[in-house]
Structure formats: structure tokens, C-alpha cells
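> Please work out how this folds:
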Amino acid sequence: MSGWDDWFAAQRSAREHAGVQRALRPRPATEAVIDLAGNDYLGLGAHPGVRRAAADAALLWGAGAGASRLVTGTTELHAELERELAEFTGREAALVFSTGYHANLSAVTALADKRSLVVSDAHAHASLIDAARLSRAAIEVVPHNDVSAVRAALAAAGDRRAIVLTESIFSVLGDAAPLPELAAACAEHDALLLVDEAHGIGVVGDCGRGSVHAHGLARHPQVVVTATLSKSLGAMGGAVLGSAALIDHLTNRARPFIFDTGLAPAPTAGALDALRRLRWRPELPSVIHRRGGELAERLGVPRSAGAVLSAPMPSPQVAVAAQAAALAAGVRVGCFRPPSVPDGISRLRITARAGVGEDRWAVAVDVLSHVVDDHRERS
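This next block holds a predicted model:
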């Protein structure tokens, strides 16, 4: 064995000892398991009409975009999706990316540099953390949802351009950011507030227009929104939404946008069709909140402001065992373990999906209540 082989083996052994070793588990196209691990919150990704739109786009435009967006990779589908996303969320303009990760990387690295200050919530998503590091800006991580700490950091920014990073609904705890207070703090100090709406679009506010829209901040000049197309819209890709000047700047300066192949036609068309169906069925987000409240009560955990609930487990090993027990009983859930959790507490990650039938949902709630109770006291 080479030195690298020894290193790989030692790294795996350490992960296994800590209970954080992961593996890919391919799933079939159809299965009897009730899936409460995935991110298709509204069930639109599996909708026959959305599937048909994606398939038709692939047949018409081809399997891929064919080039970067600034060469020939921008199709009429991209422009249409961007117009409708901006209108839906109340923003002036939008720019679509191949992933939500790329949307965050692009927004932060194109807006911040070594002369900037990035103020990041301690529970910010990994894509925002990576973006802040790549931007070369000075970074100050503030306690979770602590507006006073954000104000203090901005007050000490001096003449540096400052950007505050937060999620609207946090992906681990499912709690909401104090967006009005953060926006006010940013306005006082001429800072930008970048809000990742990955878990807000399709879930929060009127027709699922997101937390920024729900708080009346859609036209706030210092609020930038990023989003994913892979959760409530059931496709893939990401977007940045804001002013026309912002989108023009990103188009010309965001390296992950300029040098990446455009989002393929199939998910572009799928996301567009899903967005339209969400507008036709504005009751879908309410199903998520009703089910999330019911599940939170049964599991004895706090209600989520979004679609994802977290059930704390005593250790990574117990979390994995609980996940396996749920799957054996016919329910698939996610499992958060370090380094995916900002506070180091392992959890089951459960999605209150609107696309699961009522009977199957009732079965899933019963299964999970028993599994969580059985594993909660283990050490």
C-alpha cells in the first residue's frame, strides 16, 4: 500500500469510530417505502405534468444546454423561468444556475472581496460558508439568529462593504431567521442582506412566495435572495433574485456562472412547470404546515417554520440505528450527523411532504413516533 492508501484507511477508520461514515445507496425508480427523506416537499417533482414538461424539453432542446450561459447555453426556457421566478417572488430580476450551491457561490464571491466584511450566521448552509471563504473577505461568524451581534459586527465594519448571510428557514433546526430585524440592521449600516430561501420558496407565505415576500421585503433595495429549484419545485438548479443591476453584475462577474455549463433543458422546463402548478394550487404549502405540526406534536419536538423537522438523537450511532429501524418499518428519513449539523447534535431529518397520500402519511407518523421513542433514551 502507498502512503495515500494508508491515509485513506486511517481516515475511514476515524469516521467509522465517530459514527459519521457515509455511503451511497442507489434507490429504484419505484418502491413501496414512504419517502420522508427527500426534498420534493410539494410532490411536484413526481407530478405527471412536470415529468412530461421535462421530457418534452429534452426531446426538443437536447440532453444538455450545450454550453455556458454566456455562449449558447441560454435557451428561451431559461429566460422564461427567470421572468416567472422574479414575478412570483416579487423581485425585479432573476438569474438561473445549474445548482443552488452555485447560486450561493456566485452571489457571495461576486459581491465580496478582500476589502469586504461577511457576517455569517453560525448555522448558515455549507454553500454560504464555502462562498464566504472563497470570496477572500474578512469573515465574522455570529451566534445563531442574534441580531444584536450582527449590528455590532456591522458597526465595526468601518469603510468595508458588508454582507450579512442567513437562511430564511434553517435546514437543520427548521427555525426562521428574524428577517425584518436583520434587514433594518443592514439598512442602517448600508450592508447587503443575502437570504438563502432554499427552504422558504414553496413553503412560506402567500402561495409559497417565500419568507422575504411574506415579510414585505421583496422590493427592499438591500436584500438579495438565493434559492434552489430542487426542493419545492422538484427539479434541480438554483437562482439569485434581486435588482436588475445585481443580475447584470452577476452575469459579468460571477465565475461559477460564467464558467459553468447552463442548467439542462429538462430540469429548466420541469422547474417552470412546477412553479406554474404551485401558483394553480396555492393550498399546497398549508398541507406541509399542517402535517409538520402534527408530526412535531407526536415526536415531542419544536414545530418547524418550514418543511423539515429534526428529532435529536443521543449520538451519531443511535441516529443511524433509528434511521435503519424506520426504513425496516417502511419509512425512509434522513440522518444529520457531524459535520452536517452546526451544533454537533445528531438528528433524524424528517420532511413533512405534501405529496404523500393521507393514509400513507398516517402510517409514517405512527412508525416514526415509535422509532423515536424507542431510540431517544439510548446512549
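
> How far off centre is stretch 96-109?
12 Å (C-alpha atoms, centre = their mean, to the nearest Å).

> before we move on, what about stretch 356-373?
Counting by C-alpha atoms, centre = their mean, stretch 356-373 comes out at 24 Å from the chain centroid.

> buried set for it?
356, 360-361, 363-365, 367-369, 371-372 (16 or more other C-beta atoms under 10 Å). Quick note: C-beta positions are derived from backbone N, CA and C, even for glycine.

> Tell me the one of those residues nearest Arg160?
Val372 (46.0 Å; C-beta to C-beta).

> Please dump the buried residues of stretch 356-373 into TSV; it should also carry secondary structure, pLDDT and distance to Leu295 for every row.
Shown next, in TSV, are the buried residues of stretch 356-373 (DSSP: H, G, I helix; E, B strand; the rest coil; pLDDT from 0 to 100; distance: C-beta to C-beta, whole Å):
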residue	secondary structure	pLDDT	distance to Leu295
Val356	coil	94	11
Arg360	helix	96	13
Trp361	helix	96	9
Val363	helix	97	12
Ala364	helix	96	8
Val365	helix	96	6
Val367	helix	96	11
Leu368	helix	96	7
Ser369	helix	95	8
Val371	helix	95	12
Val372	helix	93	10
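
> Now distance to Ala18 too, for those, in CSV please.
CSV is the format used below for the buried residues of stretch 356-373 (distance: C-beta to C-beta, whole Å):
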residue, distance to Ala18
Val356, 33
Arg360, 35
Trp361, 34
Val363, 33
Ala364, 29
Val365, 31
Val367, 28
Leu368, 25
Ser369, 28
Val371, 23
Val372, 22
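
> between these, which is closest to Pro339?
Closest to Pro339, out of all of the buried residues of stretch 356-373 and judged by C-beta to C-beta, is Val372, at 23.2 Å.

> Surely that closest one is in contact with Ala296?
No. Counting by C-beta atoms under 8 Å, Val372 does not reach Ala296; the two are 11.3 Å apart.

> Starting from the helix or strand of the chain with the lowest mean pLDDT, tell me which strands it pairs with and how they run.
Of all helical and strand segments in the chain, the minimum by mean pLDDT, DSSP states H and E falls on strand 334-336, at a mean of 89. Next to strand 334-336 in the sheet, as set by DSSP bridges, lie strand 347-351 (antiparallel).

> who touches the partner strand?
36-39, 41, 172, 295, 299, 307-313, 319, 322-323, 326, 333-336, 341, 368, 372 (C-beta atoms under 8 Å, 6 or more residues apart in numbering).

> Output the below-cut-off pLDDT ranges for the chain.
For the chain, the stretches with pLDDT under 70 are 1, 379.

> all helices of it, in order?
3-18, 48-61, 76-89, 100-111, 126-135, 147-155, 179-188, 211-214, 244-253, 255-258, 265-280, 284-299, 316-328, 358-376 (DSSP state H).

> Does anything pack onto the second one? Which helices or strands?
In terms of contact count using 3 or more C-beta pairs under 8 Å, 6 or more residues apart in numbering; DSSP states H and E, helix 48-61 is assigned the packing partners helix 265-280.

> do the last one as well
Other helices and strands packing on helix 358-376, by 3+ C-beta pairs under 8 Å, 6+ apart, are strand 34-35, helix 284-299, helix 316-328, strand 331-332, strand 347-351.

> now the longest one against helix 265-280, angle please.
Yep, that's helix 284-299 we're talking about. Here helix 284-299 runs at an angle of 90 degrees relative to helix 265-280 (axes from the mean of the first three to the mean of the last three C-alpha atoms, to 10 degrees).

> Show me what helix 284-299 is packed against.
In terms of contacts (3+ C-beta pairs under 8 Å, 6+ apart), helix 284-299 is packed against strand 308-312, helix 358-376.

> May I have the shortest one exported as CSV, CA atoms only?
So the one you mean is strand 308-312. Extracted C-alpha coordinates of strand 308-312, given in CSV (Å, rounded to 0.1, in the frame of the first residue of the first chain):
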residue,chain,number,x,y,z
VAL,A,308,-38.1,19.8,7.7
LEU,A,309,-38.3,18.6,11.3
SER,A,310,-35.4,17.4,13.3
ALA,A,311,-35.6,14.8,16.0
PRO,A,312,-32.4,14.9,18.2
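
> Adjacent strands (with direction) for it?
According to DSSP bridges, strand 308-312 forms sheet pairs with strand 347-351 (antiparallel).

> tilt between the strand it pairs with and helix 316-328?
Regarding strand 347-351 and helix 316-328, their directions subtend 30 degrees when assessed with the same axes, to 10 degrees.

> Identify each buried residue in strand 347-351, please.
Buried residues in strand 347-351, counted by 16+ other C-beta under 10 Å: 347-351.

> Tell me what angle it forms with helix 358-376.
Going by the same axes, to 10 degrees, strand 347-351 makes 170 degrees with helix 358-376.

> And strand 347-351, how far out from the chain middle?
14 Å.

> Stretch 334-349 too?
For stretch 334-349 - counting by C-alpha atoms, centre = their mean - the centre lies 15 Å from the chain centre.

> Please apply the same query to stretch 233-248.
14 Å.

> what does stretch 308-319 give?
For stretch 308-319, the separation from the chain centroid amounts to 20 Å (computed by C-alpha atoms, centre = their mean).

> Residue nearest the middle of the chain, spatially speaking?
Ala198 (3.4 Å; C-alpha atoms, centre = their mean).

> does the nearest residue to that one once chain neighbours are set aside have beta-bridge partners, and which?
Setting aside the residues directly before and after it, Ala198 is nearest to Thr228 in space (C-beta to C-beta, 6 or more residues apart in numbering), at 4.5 Å. Beta-bridge pairing for Thr228 (DSSP bridges): Gly238.

> Please report the distance of Thr228 from Asn39.
Thr228 is 8 Å from Asn39, where distance means C-beta to C-beta, to the nearest Å.

> which of these two has more neighbours?
Taking neighbours as other C-beta atoms under 10 Å, Thr228 and Asn39 compare with Thr228 leading, 27 against 19.
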